[in-house]
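Visitor: What follows is a predicted structure for the sequence shown.
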Amino acid sequence: MTELEIKINDLRSKLRYHADRYYNDDAPEIEDYEYDMMMRELKELEEAHPEYDVPDSPTKRVGGKADNSFESVEHTVRMESLQDAFSKQEIFDFDKRVRDAVTEPHYVVEPKIDGLSVSLEYTNGVFTRGSTRGDGDVGEDVSGNLRVIHSIPLKLKKNVAYIEVRGEVYMPKKSFDKVVDRQLINGEKPFKNPRNAAAGSLRQKDSQITATRGLDIFVFNVQQVEGVELNSHKESLDFLKELGFKTVPFYKRVNSIEAAFDEVESIGEKRGELEFDIDGAVIKVDDFSDRELLGSTAKFPKWAVAFKYPPEEKQTKLVDIEIAVGRTGVITPTAVLEPVHLAGTTVSRATLHNQDFIKEKNVNIGDIVTVRKAGDIIPEVLCLNEKNSEGYFRLPEICPSCGEAVVRDEGEAAVRCINPECPAQLLRNLIHFCSRDAMDIEGLGPSIIETFVGEGMINKTTDIYRLDENEIAKLEGFKETSAHNIVTSVESSKDNDLGKLLFALGIRHIGAKAAKLLSDSMKDIDVVMNASVEDILEIEGFGQIMAESVVDFFNKQGTIELVNELKELGVNTKSKTVIKDNRFEGMTFVLTGTLPNYKRSEASKIIESFGGKTSSSVSKKTSYVLSGEASGSKLDKANALGVPVIGEAEFEEMIK
């Protein structure tokens, strides 16, 4: 294998990896610009050396594969991606190619919204289905989650027999800031940028979670329509407005490529002032008959091009490094900068991630650094420019909040305080304890908890169960009704299942699902507290790190005192999952489609009551697939693997 072939294969491997992280995991590790440059390099090498071309190269793909969590949707009209351009000359080259086939083309210029591309389908003016782009040919059915986006009309203003439109779901910057604030308070890893926040929110299994994320949409294309004749892109956008869609903003029709590029630059100048994120501007041939003449390549249409803006970078001085303590005790460093104008806003703070990041960049207070906005939103320190200090900054060895020694576990980048009584962790722990997946105490949201902590009414977790209705009613902004509702909700939470309590306690590495498994297996918190690592490892789904984390947590004196106090206050510490018999013991069911007489949650509880468990994905270990109407990819996979498929009638026979 030649050095050139090795280089090409290496580029393909990296691009496939980063495409998977971006499209399917919503967790990119590099900036879009770096990805685009790698893609461009590969494309140029393949064009110069066609002997190394392969049919499955990343240069021939559109996007990511459909997520198995949702039913598959085959697009009858392919959802193509766009050819990228990074210079004025490339825009003029695009115009020359267009003019080789079309005389006197007109163009429409519009911003390229940085979000998740979706298809919306309407029959007789009523919204019937919505899906993601996926790989362009097959996407994911996310109709339920799209319905909670208020700017998507569920009924059009005009009755059209059938129309499919394409739009971009995005998260406005204000919504993104609120989501990230909540994640930080809860000690969760925050979304990197609005695009990934939008994608992660749209792929939620629970549409109620999606509804809290403040998503929005811009519609920018008619994919297909029946009973209406449209002759140009500008005409179609105007028509979409008449139907009640929120169309892509400030689109403009121009008569020349010079005017088109002027508009691209104009959009670029105001992108920092917009309430949404864009990563470029799109130039499209306006006339649909001209588009037919131009056609498409295997990957993108020849009648459109996307100009990608490079990320803006600036140099500034690092004047201080602030240390914060999160809910799980993680020590997080933040750079305080001399203010600098970047991507439309003034930046004075930037993330430094962790000790390894600081050491790698070799930065310290007083240094001159380059900063940029990751995804044009989150400021980060990119590199060192001028060294004005000795060595790199070192995180403190004691917690700045409680004074206890901090630790760094082997194999982890994070430094953390492990003192359960650390004041800095109190507020975040309380918010997590009261959250919906934990004790689900309605009325005790972050701001209310912060008020109660500030008033001295809550100084530790168990104080939640000592809240006095009359004392709450005396606070400014509270009335007798709201005070009564809060105390009633607190009282009601005492009857929660043990699984919710275990999750609420905030054990490292233990999510809601693992807490439920622990509860169902051991039944009583006393059994959990006395369990060994070996005992917990016998629970399917638990690994060494999770088991050790549970044992370490319950070996702490502070935890033992907390649990004993919760018992005295009347909080339930036993599993409420009733096992009627063990007929499904060792069996795993996957549910797909719509069942006539059961909700999926109801069917899942029935399976669990007979000792079985449910999973969201089909594998060779799956015992049965319970299939209802409109089953999709899960049913196909079950048939391919030879997994038994049953319907509701067979299921009812099994549970008699």
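Guide: Looks like it came in fine. Residues are numbered from 1 along each chain as shown.
Visitor: does residue 358 sit in a helix, a strand or a coil?
Guide: helix (DSSP: H, G, I helix; E, B strand; the rest coil).
Visitor: Show the contacting residues for it.
Guide: 333, 352, 392, 393, 394, 395 (CB atoms under 8 Å, 6 or more residues apart in numbering). All C-beta atoms are positioned from the backbone trio N, CA, C, and that covers glycine.
Visitor: The same query, at a cut-off of 10 Å, please.
Guide: For residue 358, the contacting residues are 321, 333, 335, 352, 364, 381, 392, 393, 394, 395, by CB atoms under 10 Å, 6 or more residues apart in numbering.
Visitor: quick one: it and residue 367, what's the gap?
Guide: Distance, residue 358 to residue 367, by CB to CB, to the nearest Å: 11 Å.
Visitor: intersection of neighbour lists for these two?
Guide: 335, 381, 392, 393.
Visitor: neighbours around the first one, how many?
Guide: Read that as residue 335. 25 (other CB atoms under 10 Å).
Visitor: The last one now?
Guide: Residue 393 has 19 neighbours, counted by other CB under 10 Å.
Visitor: Helices of the stretch 451-600 of the chain, start to end?
Guide: Here the stretch 451-600 of the chain has its helices, by DSSP state H, counting those that start in this stretch, at 469-473, 480-493, 498-504, 512-522, 525-530, 533-537, 544-554, 557-568, 600-609.
Visitor: sorry, back to before: want to try JSON lines for the contacts of residue 358, with distance to residue 218, secondary structure and pLDDT as columns?
Guide: Listed next are these as JSON lines, based on distance: CB to CB, whole Å; DSSP: H, G, I helix; E, B strand; the rest coil; pLDDT from 0 to 100:
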{"residue": "321", "distance to residue 218": "39", "secondary structure": "strand", "pLDDT": "95"}
{"residue": "333", "distance to residue 218": "37", "secondary structure": "strand", "pLDDT": "93"}
{"residue": "335", "distance to residue 218": "34", "secondary structure": "strand", "pLDDT": "94"}
{"residue": "352", "distance to residue 218": "34", "secondary structure": "coil", "pLDDT": "91"}
{"residue": "364", "distance to residue 218": "43", "secondary structure": "coil", "pLDDT": "96"}
{"residue": "381", "distance to residue 218": "32", "secondary structure": "strand", "pLDDT": "90"}
{"residue": "392", "distance to residue 218": "43", "secondary structure": "coil", "pLDDT": "95"}
{"residue": "393", "distance to residue 218": "42", "secondary structure": "coil", "pLDDT": "95"}
{"residue": "394", "distance to residue 218": "46", "secondary structure": "coil", "pLDDT": "94"}
{"residue": "395", "distance to residue 218": "42", "secondary structure": "coil", "pLDDT": "93"}
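Visitor: Select from those residues the one having the most neighbours.
Guide: residue 335 (25 neighbours).
Visitor: Next, give phi and psi for residue 6.
Guide: phi -60, psi -40 (degrees, to the nearest 10).
Visitor: who does residue 169 bridge with?
Guide: According to DSSP bridges, the partner residues bridging residue 169 are residue 116, residue 217.
Visitor: cool, and residue 405?
Guide: Beta-bridge partners, per DSSP bridges, of residue 405: residue 398.
Visitor: Next one: it from residue 416, what distance?
Guide: 11 Å.
Visitor: For residue 247, find the nearest of the helices of the stretch 451-600 of the chain.
Guide: Among the helices of the stretch 451-600 of the chain, helix 600-609 comes nearest to residue 247, with 35.8 Å by CB to CB.
Visitor: buried set for the closest one?
Guide: 600, 603, 604, 606, 607, 608 (16 or more other CB atoms under 10 Å).
Visitor: Please report the confidence value the model assigns to the second one.
Guide: Okay, so that is residue 603. Residue 603 is assigned a predicted lDDT (pLDDT) of 86.
Visitor: next one: residue 102
Guide: 93.
Visitor: cool, and residue 637?
Guide: 85.
Visitor: do the same with the one 10 residues further on
Guide: The confidence metric pLDDT takes the value 89 at residue 647.
Visitor: Now do the SS call for the residue nearest the centre of the chain.
Guide: Geometric centre of the chain, nearest residue: residue 200, 2.3 Å, by CA atoms, centre = their mean. Look at residue 200: counting by three-state DSSP, its state is helix.
Visitor: tell me the contacts of residue 1?
Guide: Residue 1 touches 8, 9, counting by CB under 10 Å, 6+ apart.
Visitor: which residues does residue 515 contact?
Guide: 437-438, 497-505, 507, 528, 550.
Visitor: worst average pLDDT in the helices of the stretch 451-600 of the chain?
Guide: Minimum mean pLDDT among the helices of the stretch 451-600 of the chain: helix 600-609, a mean of 82.
Visitor: what about it, distance to the chain center?
Guide: For helix 600-609, the separation from the chain centroid amounts to 27 Å (computed by CA atoms, centre = their mean, to the nearest Å).
Visitor: elements contacting it?
Guide: strand 588-592, strand 613-615, strand 624-627, helix 648-654 (3 or more CB pairs under 10 Å, 6 or more residues apart in numbering; DSSP states H and E).
Visitor: can you pull the buried residues of the longest one?
Guide: Of the residues in helix 648-654, those with enough neighbours to count as buried (16+ other CB under 10 Å) are 648, 651, 654.
Visitor: Likewise for the second one?
Guide: Of the residues in strand 613-615, those buried by neighbour count under the rule 16+ other CB under 10 Å are 613, 614.
Visitor: Who does that strand pair with, and is each partner parallel or antiparallel?
Guide: Short version: by DSSP bridges, strand 613-615 pairs with strand 588-592 (parallel).
Visitor: report the angle between the axes of the partner strand and helix 600-609?
Guide: Orientation of strand 588-592 against helix 600-609 (axes from the mean of the first three to the mean of the last three CA atoms, to 10 degrees) gives an angle of 170 degrees.
Visitor: and strand 588-592, average pLDDT?
Guide: Rounded mean pLDDT across strand 588-592 is 89.
Visitor: Could you check how far it is from the centre of its chain?
Guide: On CA atoms, centre = their mean, the centre of strand 588-592 falls 25 Å from that of its chain.
Visitor: And stretch 208-222, by the same measure?
Guide: With CA atoms, centre = their mean, you get 13 Å for stretch 208-222.
Visitor: Alpha carbons only: can I get it in CSV?
Guide: Extracted as CSV, the C-alpha positions of stretch 208-222 are listed here (Å, rounded to 0.1, in the frame of the first residue of the first chain):
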residue,chain,number,x,y,z
GLN,A,208,-42.6,16.2,27.4
ILE,A,209,-38.8,16.6,27.7
THR,A,210,-38.7,17.9,24.1
ALA,A,211,-41.4,20.4,25.0
THR,A,212,-39.3,22.0,27.7
ARG,A,213,-36.3,22.6,25.4
GLY,A,214,-37.7,25.6,23.5
LEU,A,215,-37.1,24.3,20.0
ASP,A,216,-38.1,26.2,16.9
ILE,A,217,-38.1,25.6,13.2
PHE,A,218,-37.5,27.4,9.9
VAL,A,219,-39.1,25.8,6.8
PHE,A,220,-37.0,26.4,3.6
ASN,A,221,-38.2,24.0,0.9
VAL,A,222,-41.2,22.3,-0.8
